[in-house]
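Trainee: Just a sequence and a predicted model for now, questions to come.
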Amino acid sequence: MEWLQNWQPGAEHLLCGAFGGLVSALGQTGGVLVLPQVVVSGGRKGLALGFVSAVAIGAFVGYVVDRHPVMSGAGGYAGIKLLDWVVGKVLPGLAAKEEDDAEEVASGATAEGGAAKRARRDRLSGEDL
């Protein structure tokens, strides 16, 4: 725990992480900064943050990840990509698993049939990763 006592992140870690997030946002959009905008979906208004979200997440990750500015920048770059992966791949898989489990309980499926269904689903979801 000595490294935790010596850990003194500062403004440079925030800036390096934010820069990493900005570079990541530019890489995802082909060098174009997507500006924040108001979007309407299903009659509801929302705010799409554009590149600002990548910069904010990058700054947070850069502040938390390491004591070295280069590692803070790399953490900021990877932070938004990791979050995109979790939201795009992991969360939908978890929601589908919960839905399947609820259907099994509601239908009174046998333990053997439920186990086979879970094994098939896990095998298929492993191919996506």
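Mentor: On my side now, so go ahead.

Trainee: Any stretches of this structure with poor pLDDT?
Mentor: Within the chain, the segments meeting pLDDT under 70 span 1-9, 98-129.

Trainee: 50 instead?
Mentor: For the chain, the stretches flagged by pLDDT under 50 are 128-129.

Trainee: In it, what residue spans correspond to strands?
Mentor: Under the criterion DSSP state E, the chain carries strands at the ranges 37-41, 44-48.

Trainee: Name every strand pairing with the first one and say which way it goes.
Mentor: Strand 37-41 pairs in its sheet with strand 44-48 (antiparallel), by DSSP bridges.

Trainee: May I see the buried residues of the strand it pairs with?
Mentor: Within strand 44-48, no residue qualifies as buried by neighbour count (16 or more other C-beta atoms under 10 Å). From N, CA and C alone the C-beta is placed, and that goes for glycine too.

Trainee: do the same with stretch 14-29
Mentor: 14-25.

Trainee: Name the residues that touch that stretch?
Mentor: Stretch 14-29 is contacted from outside by 32-34, 50-51, 54-63, 65, 69-70, 72-81, using C-beta atoms under 8 Å, 6 or more residues apart in numbering.

Trainee: go on, stretch 50-67?
Mentor: For stretch 50-67, contacts defined as C-beta under 8 Å, 6+ apart pick out 6-9, 13-22, 24-26, 28-29, 33-37, 49, 71-80, 83.

Trainee: and residue 82, how many neighbours does it have?
Mentor: Counted with other C-beta atoms under 10 Å, the neighbours of residue 82 add up to 12.

Trainee: cool, residue 38 as well?
Mentor: Neighbour count for residue 38, taken as other C-beta under 10 Å: 8.

Trainee: which residues does it form a beta bridge with?
Mentor: The partner residues for residue 38, given DSSP bridges, come to residue 47.

Trainee: need the contact list for it.
Mentor: Applying C-beta under 8 Å, 6+ apart to residue 38 gives the contacts 45-48.
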